[in-house]
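> I need the structure of the sequence given here:
(chains A and B)
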Amino acid sequence: MPKYDKITLERLIEGELKWEELKPIISGDKDADRFDRILEVLQEKVPWEEKIILPLHEHLHIVAKDGNRIVKCDCGYEFGEYTENWKKKSRIRVRDKIEEIEELYPKDMGCDPEWMEIREYYCPGCFALLEAESVPPGYPLVFNFLPEIDVFYDEWLGKKAPDR
Amino acid sequence: MDKKEIGWDGKSLIEMYEESERLINETGKYYGTDILSLKKKNPFRYERSYASLRGALVSARETALHIAASPIVKEIGELCFALYTPEGDSIVVSTGILVHVHTMSEAIKFMIQQDYEDDPGINPGDIFLNNDPECGNVHTTDVQTIIPIFWRDELIGWAGGVTHQIDTGGITPGHDLVAAIQRFDDGVYYTCRKIGSNDKIWKDHMINARRSVRTPLYWELDEKCRLAGNLMIRDAVLDFIEKEGIDYYKQFIREAIEEGRRIVLKRVKERLIPGRYRAASFFDVPFKKEAWQPKAKVDKVTNEPIEIIIDKDGGLSIDFDGASGPGPNPMNCGKGAMEGGQWVLLTQILIYGDKVNDGAYFAVEKNYPLGTWCNPGDPYLSYQSPWGNLIPAYTGMMKCLSFGLFSRGYREEVVPGYGFTGDAIQGGGIYSSGPLKGDRWALSTFEISGQGLGASAVRDGLDWGYAMWNPESDLGDVETWELFQGGVPYLSRKVKPNTAGHGKYRGGANYAGVAMIANSEDVDFFGAREGMVFHGSGGMHGGYPHGTGYRLIAKNTNFKEIIDNQEEYPLGDPDPSNGEFERLLKGDIIRKPYSSIYPVTLENYDLIHFALSGGPGYGDPLERRLESVKKDLDNGIYTADLVYNVYGVKAEYDEQEKTWSIDENKTIQRREELIKERKEKSLTYEEFWRYERDKITENKLSEPVRRMISESINLSDKWKKLFIEYWELPEDFNLEVN
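Numbering: from 1, shown residues only, chains lettered A, B, ... in the order given. A predicted model of the protein is given here:
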């Protein structure tokens, strides 16, 4: 069973590993302690104190705060309870005109806005692009992932979540 | 005369099948297997047994494709074999186009349920053929040969092989027929038909088959290929039993599948997070103007929502509730197609490298709602190209599992999706002169095996190298394609800019080709790919979907003059708004914003352009490293205008050095401008909600979108509730569609 040191995992997160280094990590057995190690690395990276319970996204984390579990961006912006779709607390740009789509794609290589639009969800704090969702106009927001945090900690990891 | 049952211990095959179903339902374990006692008692013998059977299957495949296969099978390995239990559950598989391992399982189960044991009988040396998507297949062009394996008087399993044919005699030449709208358009159907005995294919079958398709030579070669592989597998299994004993074999196959099931659960708990996952994928059917048949003249977006629940035990359930209805088009999916697609992706994401078998099938609960595109329940529809819905729909599964992999820390395993294995230019014609005059050639390039893979959370996606249905995808050599599609010589094959999905890590890129019609008559041409909508469920965590397909054809050209005068000719379509076709050719340049077209007739010196697909991106493009952007520009992956618009990178081209350089100061400035634009052009959620809701209530939705919403509302109470509650619409809300 492999184990990777902190520097390797930091470089993995930063996308700095060369293919010769990354390939064995992809092909080999997985390191069972990865979750805990990644949590440590992420906790050191963020500029705030709240304990990360679960990494949710490239920029978003589920953290413990005042007895609640909220979604928080790297930049510190707080999206509220993780059981609510964080997209509802984001800023949203709708690209539903051909000229807005052709800023991103050549002619005929983007969607037709009559058939589909692009919704860009930004963090209201740092304006990082968090999701670019392509759906037909009028489609409800997609709530991508609702984790069962306590089942994960209690029954899969065999320990209590950091806030329990 | 008393009939002798062929099952174990005097049972009939149906009794064995029913017992197997009862045991899995009652215990949750394959054949009620509680302890893997063979593995526990002697793990070396157990692992050696699995490896030897698997080796026999791989060997059979490699040998068979080299001795008797058609070019399409030999060149890119459109072939796989599997060994099944008497009840039709796969034990071990070969390499190759693994999407079909579970499809053949469904075909065997169909034969059992229809009591083939009684009539037409299942005897040693019998040969069965199937290509019916309603009875365990993907589409009619995938043809399966299945033989029973007997040890003395008992059926101890089945060997099955499948190949992909270039043509099966459908409404038009080709293998994914855009123009098929009913079963009777799909080509020749063999519904689990007995076609031989005593290890010999019956002559009357071969005469019939050769006269039913446009490429009889390839059909016959592949029939022999599949049978040869199956016979090799049968010999290997009988050798195995001679060596290990029949009792060991019988117990081993149960344990191997149960171990496969447990591996899925273990991998889920090892790599994912329990919870609820959702994604939405789509495909376009732009046939209002294209279709020949009046009832097929419909523009439609297909809704392919997916919900995955991972429970506390690591069990997976996959639900397509809310899916659109089927239609008079070839994209309808039978159970075999859905199971095959799901199985092949799970083997790539979770259970690669170990006991790859139907244990994965038993580990997953699924719901394909009756009356939808993924379970139409109507054998008379066309199932000729279910890939149109299947391929985008399962990007949703990849994306859902990627959310879990990301949260668990395995960022290197994240893949939000893949390119559509489309723009398979298809059709055919007849040689008009030369030694092959009068012979038919088939246009059926399988370069589609090399699509862009999505980016991961730590690196860019694989360029031109992925097909979801074949873990060993290989686009093959162009020279081979040119051999059997000799009426369409290539003029070019080169990287097409801007195919890769944008992102911090970009999706895989791809290339495009230009070909001309030559030395032919009676030429049909068509193709299929997404065009009006992005493929599948798009990118992840800020990454964008990859570019869509479109159609470009030149007819009535002056290309003969261009050749005679040795003038410049188009090598691609790098900038569709300033086309090389328009600049360098005289004639009718036809562009369509969608890619799926009904067959058109072409003449010599007409030109066709086809573009393969990129993959979706990952992460915010403004976070992409500048050296990566420079590399993209140098390699022609992106053009400078899009790099400026999307990545906020200002670059200049050095004509002398033939390389790009990035102006870092102007790039910083440009990225600040784009952040400012994000602030200015974005809405609060409440503003967004009102803006989108108005599109519904003020009749601003287009006809294909209205049709999609209406179908999902009418087919699913759950989806209707979700839609109505989300937009706060009246309970009796519906949308009128012409």
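> centre-most residue in chain A?
In chain A, the centroid-proximal residue (CA atoms, centre = their mean) is residue A:57; its distance is 0.7 Å.
> my guess is that one contacts residue A:130. True?
Yes - contact criterion CB atoms under 8 Å: residue A:57 and residue A:130 qualify, at 6.6 Å. For every residue, glycine as well, the C-beta is placed using N, CA and C.
> quick check: neighbours shared by the two?
Contact criterion CB atoms under 8 Å, 6 or more residues apart in numbering or on different chains; residues shared by residue A:57 and residue A:130: residue B:541.
> next, the residue nearest to the centre of chain A: secondary structure please.
coil (DSSP: H, G, I helix; E, B strand; the rest coil).
> next up, the contacts around the nearest residue to it once chain neighbours are set aside.
Among residues not flanking residue A:57 along the chain, residue B:541 sits closest, at 5.6 Å (CB to CB, 6 or more residues apart in numbering or on different chains). Going by CB under 8 Å, 6+ apart, residue B:541 touches A:57-59, A:130-131, B:406, B:457, B:618-620.
> narrow those residues to those in strands?
A:130-131 (DSSP state E).
> including distance to residue A:87, could the contacts of residue B:541 go into CSV?
Below are the contacts of residue B:541 laid out as CSV (distance: CB to CB, whole Å):
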residue, distance to residue A:87
A:57, 11
A:58, 15
A:59, 13
A:130, 8
A:131, 7
B:406, 17
B:457, 19
B:618, 18
B:619, 17
B:620, 15
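> so which of the contacts of residue B:541 wins on neighbours?
residue B:618 (35 neighbours; other CB atoms under 10 Å in any protein chain shown).
> hang on, isn't that one packed against residue B:412?
No - counting by CB under 8 Å, residue B:618 does not reach residue B:412; the two are 11.7 Å apart.
> anything in contact with each of those two?
B:456-457.
> need the residues of the stretch 601-738 of chain B near chain A, please.
Proximity of the stretch 601-738 of chain B to chain A (CB under 8 Å from any CB of the partner chain) is limited to residues B:618-623, B:625, B:639, B:642, B:645-646, B:675, B:678-679, B:681-685, B:688, B:691-692, B:695-696, B:700-702, B:704-705, B:708-709, B:722-723, B:726-727.
> report the buried members of these.
Neighbour counting with 16 or more other CB atoms under 10 Å in any protein chain shown marks B:618-623, B:639, B:642, B:645-646, B:675, B:678, B:682-683, B:685, B:688, B:692, B:695-696, B:701-702, B:704-705, B:708-709, B:722-723, B:727 as buried within these.
> what ranges do the helices span in chain A?
Ranges of helices in chain A, per DSSP state H, are A:6-13, A:19-27, A:34-45, A:98-101, A:149-151.
> give me the mean pLDDT for the third one.
In other words, helix A:34-45. Averaging pLDDT along helix A:34-45 yields 97.
> low-confidence ranges in the chain?
You didn't pick a chain, so chain A it is. Within chain A, no stretch has pLDDT under 70.
> sorry, I should have been clearer: chain B.
B:1-3, B:424.
> biggest helix in chain B by residues?
helix B:216-244.
> flag every buried residue along it.
For helix B:216-244, by 16+ other CB under 10 Å, it's B:216, B:218-234, B:236-237, B:240-241.
> cool, and stretch B:181-192?
B:181-183, B:185-192.
> I'd like the distance from it to the chain centre, please.
For stretch B:181-192, the separation from the chain centroid amounts to 20 Å (computed by CA atoms, centre = their mean, to the nearest Å).
> ends of that stretch, how far apart?
With CA to CA, to the nearest Å applied, stretch B:181-192 spans 22 Å between its terminal residues.
> please apply the same query to stretch A:91-105.
22 Å.
> domains in chain A, by residue range?
Following automatic domain parsing, chain A resolves into domains at A:1-45, A:46-157.
> of all the buried residues of stretch B:181-192, which comes closest to chain A?
Distance to chain A across those (CB to the nearest CB) is lowest for residue B:181, with 21.1 Å.
> and for the closest residue to the closest one other than its chain neighbours, the neighbour number?
Excluding its sequence neighbours, the residue lying closest to residue B:181 (CB to CB, 6+ apart) is residue B:328, at 4.1 Å. The tally of other residues near residue B:328 (other CB under 10 Å) stands at 20.
> helix, strand or coil for residue B:328?
Applying three-state DSSP: residue B:328 is coil.
> from chain A, how far off is it?
The span separating residue B:328 from chain A equals 19 Å under the rule CB to the nearest CB, to the nearest Å.
> what separates the closest residue to residue B:472 other than its chain neighbours from chain A, distance-wise?
With CB to CB, 6+ apart as the criterion, residue B:472 has its nearest non-adjacent residue at 5.7 Å, and that residue is residue B:95. Applying CB to the nearest CB, the value for residue B:95 to chain A is 16 Å.
> brilliant, that's me finished.
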